[in-house]
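Student: Requesting a structural model of the entry that follows:
(one chain, ligands or ions: 3)
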Amino acid sequence: MFEKSTWIRLPRNVVVGHGVRDAVVEVVSDLHLEGQPLVVTSPTPREVAAEPMVADFEAAGVEPAVVTIETATFEAVERVIEVADETDPSYLIGVGGGKAIDIAKMASDHLEMGFLSVPTAASHDGIVSNRGSVPDGDTRHSVAAEPPLAVVADTGILAEAPWELTTAGCADIISNYTAVMDWRLAHRLKDVEYSEYAAALSEMTAEILVDNADLVRPGLEESAWIVTKALVSSGVAMSIAGSSRPASGAEHLFSHQLDRLAPGVALHGHQVGVGSILTAYLHGGEAGIWRDIRNALASIDAPTTASELGIDDDTVVEALATCHAIRDRYTILGDGMDERAAREVARKTGVIA
Ligand SMILES: NC(=O)C1=CN([C@@H]2O[C@H](COP(=O)(O)OP(=O)(O)OC[C@H]3O[C@@H](n4cnc5c(N)ncnc54)[C@H](OP(=O)(O)O)[C@@H]3O)[C@@H](O)[C@H]2O)C=CC1
Ligand SMILES: O=C(CO)COP(=O)(O)O
Ligand SMILES: [Zn+2]
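Tutor: Ligands and ions are numbered 1, 2, ... in the order given. Below you'll find the predicted structure:
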């Protein structure tokens, strides 16, 4: 008897383009959402996008509550839930980078209410995904959640954000190459559930972005458009897979470990990009695609070395040698790298001097 089943949850509306922030109230109406929203944001996105959006709601007779979070932690999720208990919203709106959107996503899942994703930076592919990513002591959780009901990505806002946020989003996409290599390996060796469709979409997204790298330039709003479409597509791949596997392999373990060893120094996307150079080398050796990944990152101004990340060489080596333990996710790192081997790979790929 055939007993397989799947349930793919995707956003109902994805609105991308110049000035679409002004359409949030209309998108809410299109979704037939009633009552007051709770806006979850972080300090800079609050000024850039949340406050004008709240003014639009007020003009339409709706009084949103606003909560500002500073970190992507379970405590921040708790705080949002407390504010929701006090203000009784009908839905949530996450306005910001990966931090604010992840917290809104996880709080909305707990509260069993929908949320909208309003990114202010094209810096990560959690804009659309059905996962939240949260550090917790020595480990890291990829938390199952609902995807947003709608995404409203204003390319005008995204293009005005600091350029490095956009290059971080590109690097998060380029890292899909090694994430999929790790996923296939885990499927072959450990029988990890695998989706050919999600893997193909994830790889194709990276391919299209690399093919269009010439158009990804500071000051060009078209760059925000190209990168946002890739981020949406990568998030959809995660939703199809029902896990972050299409977009998160050993290069993400490396980044999560850097978040612990050197917190707040480099952006998520930049760290996973450098991690992807290292793990591509582990997958393919000298003849592998690590040079293509390094060149693709360099072509869009993303860091390719420890010093460009602002992190010292020893910390990068330590992260590579220890990151396998951060989460139960089988990758090319297996049960971990010898520290000398990690240093050698980092040297050979030019990540450290
Ligand atoms: N769920 C998923 O599938 C995924 C989740 N992630 C998660 O997302 C996070 C990384 O996302 P990222 O966006 O890099 O992190 P943040 O949300 O921390 O944003 C990075 C920085 O950009 C600032 N910022 C955001 N928008 C603007 C703007 N328009 N103008 C100026 N500054 C701005 C933020 O300011 P401020 O400090 O004031 O907020 C912050 O300092 C990580 O926690 C990662 O784990 C990443 C990929 C996928
Ligand atoms: O960053 C992500 C995908 O780009 C999310 O992955 P994690 O599951 O590793 O948190
Ligand atoms: Zn990522």
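Student: Could you use CA atoms for every contact and neighbour count after this?
Tutor: Noted.
Student: Run the chain-centre distance for the helix or strand harbouring residue 347.
Tutor: Per DSSP states H and E, residue 347 falls inside helix 339-348. Distance of helix 339-348 from the chain centroid (C-alpha atoms, centre = their mean, to the nearest Å) equals 27 Å.
Student: Do a quick rundown of the helices in the stretch 51-200 of the chain.
Tutor: For the stretch 51-200 of the chain, the helices defined by DSSP state H, counting those that start in this stretch occupy 51-59, 74-87, 98-111, 155-160, 163-174, 176-190, 196-211.
Student: Also the stretch 251-353 of the chain?
Tutor: Using DSSP H, counting those that start in this stretch, helices in the stretch 251-353 of the chain cover 268-284, 290-299, 306-309, 313-322, 339-348.
Student: Can you say which of the helices of the stretch 51-200 of the chain is packed in most?
Tutor: Sort the helices of the stretch 51-200 of the chain by mean neighbour count, taking mean count of other C-alpha atoms under 10 Å, and helix 163-174 sits at the top with a mean of 28.
Student: Can you name every helix or strand that that one contacts?
Tutor: helix 196-211, helix 221-241, helix 268-284, helix 290-299 (3 or more C-alpha pairs under 8 Å, 6 or more residues apart in numbering; DSSP states H and E).
Student: let's see 6 Å
Tutor: With contacts taken as 3 or more C-alpha pairs under 6 Å, 6 or more residues apart in numbering; DSSP states H and E, helix 163-174 sits against helix 268-284.
Student: mean confidence for the helix holding residue 347?
Tutor: Helix 339-348 comes out with an average pLDDT of 98.
Student: next one: stretch 47-67
Tutor: 97.
Student: now stretch 243-257
Tutor: 97.
Student: please begin residue numbering at 20 from this point
Tutor: All set: I'll call the first residue 20, so the last point we hit is now stretch 262-276.
Student: Any part of the helix or strand of the chain with the lowest mean pLDDT near ligand 1?
Tutor: Within the chain, judged by mean pLDDT, DSSP states H and E, the helix or strand with the poorest mean is strand 158-163; its value is a mean of 87. No: shown here: strand 158-163 not in contact with ligand 1 (C-alpha under 6 Å from any ligand atom), separated by at least 7.4 Å.
Student: how much does that strand deviate in direction from helix 240-260?
Tutor: 80 degrees (axes from the mean of the first three to the mean of the last three C-alpha atoms, to 10 degrees).
Student: is ligand 2 contacted by strand 158-163?
Tutor: Yes: using C-alpha under 6 Å from any ligand atom, strand 158-163 reaches ligand 2 at residue 161.
Student: right, and the helices of the stretch 70-219 of the chain - which one's nearest residue 349?
Tutor: Evaluated over those, closeness to residue 349 peaks at helix 195-209, with 5.7 Å, by C-alpha to C-alpha.
Student: got the contact list for that closest one?
Tutor: By C-alpha atoms under 6 Å, 6 or more residues apart in numbering, the residues outside helix 195-209 that reach it are 211, 222, 265, 266, 267, 268, 295, 299, 349, 350, 351.
Student: Give the burial count for the residue lying closest to residue 179 once chain neighbours are set aside, as a bare number.
Tutor: Nearest non-adjacent residue to residue 179, counting by C-alpha to C-alpha, 6 or more residues apart in numbering: residue 238, 7.6 Å away. A count of neighbours around residue 238, defined by other C-alpha atoms under 10 Å, yields 13.
Student: okay, now residue 372: neighbour count?
Tutor: When neighbours are counted by other C-alpha under 10 Å, residue 372 comes out with 12.
Student: Across the sheet, point out what pairs with residue 171.
Tutor: Note on residue 171: beta-bridge partners by DSSP bridges are residue 34.
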